[in-house]
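Asker: A structural model of the following input is requested.
(2 chains)
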2 protein chains.
Amino acid sequence: MSKGLLVVISAPSGGGKGTILQELFRTGDSLRYSVSATTRAPRPGEIDGEHYYFVSREAFEEMLENGKMLEHTEYLGNYYGTPREPVEHWTAQGYDVVLEIEVDGGGQIKKLMPECVSIFILPPSMQVLSQRLHGRGTEDEATVQRRLEAAKGEIPHAKDYDYIVINDRLEDAVAEIRAILKAEKLRYSRNTDCIERVLNDAQAI
Amino acid sequence: MSKGLLVVISAPSGGGKGTILQELFRTGDSLRYSVSATTRAPRPGEIDGEHYYFVSREAFEEMLENGKMLEHTEYLGNYYGTPREPVEHWTAQGYDVVLEIEVDGGGQIKKLMPECVSIFILPPSMQVLSQRLHGRGTEDEATVQRRLEAAKGEIPHAKDYDYIVINDRLEDAVAEIRAILKAEKLRYSRNTDCIERVLNDAQAI
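Answerer: Numbers count the residues shown, from 1 in each chain, chains lettered A, B, ... in the order given. Just a heads-up that it's a prediction; the model follows:
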């Protein structure tokens, strides 16, 4: 059994990452979701241990000191980070583990683990992004404007990612992510034992 | 419109490359096939201009001298090569052009054009390869043995290719090649204008 992929997915605020991941998990079977830890307050409907591990600033800093975070970042005054243990557990068992992380964390994790597959989800345009942020209706106008400004700063980080997926039609975006995962598993660099296996008459890949 | 991919596909003799490509073209619409030139004699059923351009040694060497070959190789005493003009014509128009080339040519073309996508088709095992070569029934035992020996020398070249596709079930192999092409088009390196397009409110990709 080959090791699972570590899949980093990032998007600017309102980029529709949540909806895409929901559909990806609904229709996939070899995926596991890496639940991030954060010090920010839960939004309505968010469940501790499912959407995030909501922890105190002190608890987060203790995990950092003990090397229990794969990566972390600070965003709008709060910490976000990826606990190391579940990621290593699932990839070792052949599952692809999806890390949904903030844009800054994405660049960091690609440096920490060059073998990861990183995907940046872009909105089709700033106009669509603005419509989506307003349509969500969970935040006041000042927060929406702050997120739009943040997005403008986040979008150029797309250049640090392996793949770009445009979030226009949901089913297209999900199919594109599936194709990326399928193709990445076929890279020679992830199957360096294939030559020996064929020549030795064992089944390859 | 973005430029099409240049897709290099190689396989050892009897690897089933022909059948896979036939199915790929039967079910795809944005693909074009690069017809190779060769100095070898046509096999039964092979049509000039469709399977190969069958040319004399003198004509081939003249094309080489005039820079009209993208790559070429010599294999079992015959020349094989890729005429440059059709490849440049179709990729410029957004079509993905498939080059079915000999193993040695594959390594060469990846150096000549690093942006190409190279795929090596491996048999599941040497045993299956032997069965397929015998089953083809178009060549005598001595030729089959020579091809098997050649394959043993060709298989290690898989390491020079981007992707490995195992030719076990035809439909799986075709689906894998499709996923590779779909994913490659989403690479940031092929979409470096996407950031600017989103920020300038044009549609990205």
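Asker: Against which helices or strands is the host helix or strand of A:Ser118 packed?
Answerer: According to DSSP states H and E, A:Ser118 maps onto strand A:117-122. With contacts defined as 3 or more CB pairs under 8 Å, 6 or more residues apart in numbering or on different chains; DSSP states H and E, strand A:117-122 has these neighbours: strand A:6-10, helix A:103-112, strand A:163-166, helix A:170-184, helix B:194-199. The C-beta positions use only the backbone N, C-alpha and C, and glycine is treated the same way.
Asker: residue contacts, A:Arg187?
Answerer: B:162-164 (CB atoms under 8 Å, 6 or more residues apart in numbering or on different chains).
Asker: re the thing from before, mind checking the helices and strands packed on strand A:117-122 for the one nearest to B:Arg178?
Answerer: The closest of these to B:Arg178 is helix A:170-184. By CB to CB, the value is 7.6 Å.
Asker: rewinding a little: got the contact list for the strand holding A:Ser118?
Answerer: By CB under 8 Å, 6+ apart, the surrounding residues in contact with strand A:117-122 are A:5-12, A:15-17, A:20, A:103, A:106, A:109-110, A:155, A:157-158, A:160-167, A:173, A:177, A:180-181, A:184, B:188, B:194-195, B:198, B:204.
Asker: Contacts for the helix or strand following it, please.
Answerer: Where DSSP H and E defines the elements, the next helix or strand beyond strand A:117-122 is helix A:126-136. With contact meaning CB under 8 Å, 6+ apart, helix A:126-136 is reached by A:12-16, A:123, A:139, A:144, A:147-148, A:151-152, B:198-199, B:201.
Asker: Now do whichever strand or helix holds A:Leu70: which elements does it pack against?
Answerer: When elements are assigned from DSSP H and E, A:Leu70 belongs to strand A:69-75. Helices and strands in packing contact with strand A:69-75 are listed as helix A:57-65, strand A:78-83, helix A:84-92, helix A:103-112; criterion 3+ CB pairs under 8 Å, 6+ apart.
Asker: can you pull the buried residues of that strand?
Answerer: When burial is assessed from 16 or more other CB atoms under 10 Å in any protein chain shown, strand A:69-75 yields the following buried residues: A:69-73, A:75.
Asker: circling back to that earlier point, please save the CA atoms from the strand holding A:Ser118 in PDB.
Answerer: Extracted as PDB, the C-alpha positions of strand A:117-122 are listed here (Å, rounded to 0.1, in the frame of the first residue of the first chain):
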ATOM      1  CA  VAL A 117       0.100  18.700  -3.300                       C
ATOM      2  CA  SER A 118      -1.000  22.300  -3.000                       C
ATOM      3  CA  ILE A 119      -4.100  23.700  -4.600                       C
ATOM      4  CA  PHE A 120      -5.200  27.300  -4.600                       C
ATOM      5  CA  ILE A 121      -8.900  28.000  -5.200                       C
ATOM      6  CA  LEU A 122      -9.500  31.200  -7.000                       C
END
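Asker: Please work out the angle formed by the directions of it and strand A:6-10.
Answerer: Using axes from the mean of the first three to the mean of the last three CA atoms, to 10 degrees, the inter-axis angle of strand A:117-122 relative to strand A:6-10 is 20 degrees.
Asker: Identify the residues contacting A:Lys111.
Answerer: Applying CB under 8 Å, 6+ apart to A:Lys111 gives no contacts.
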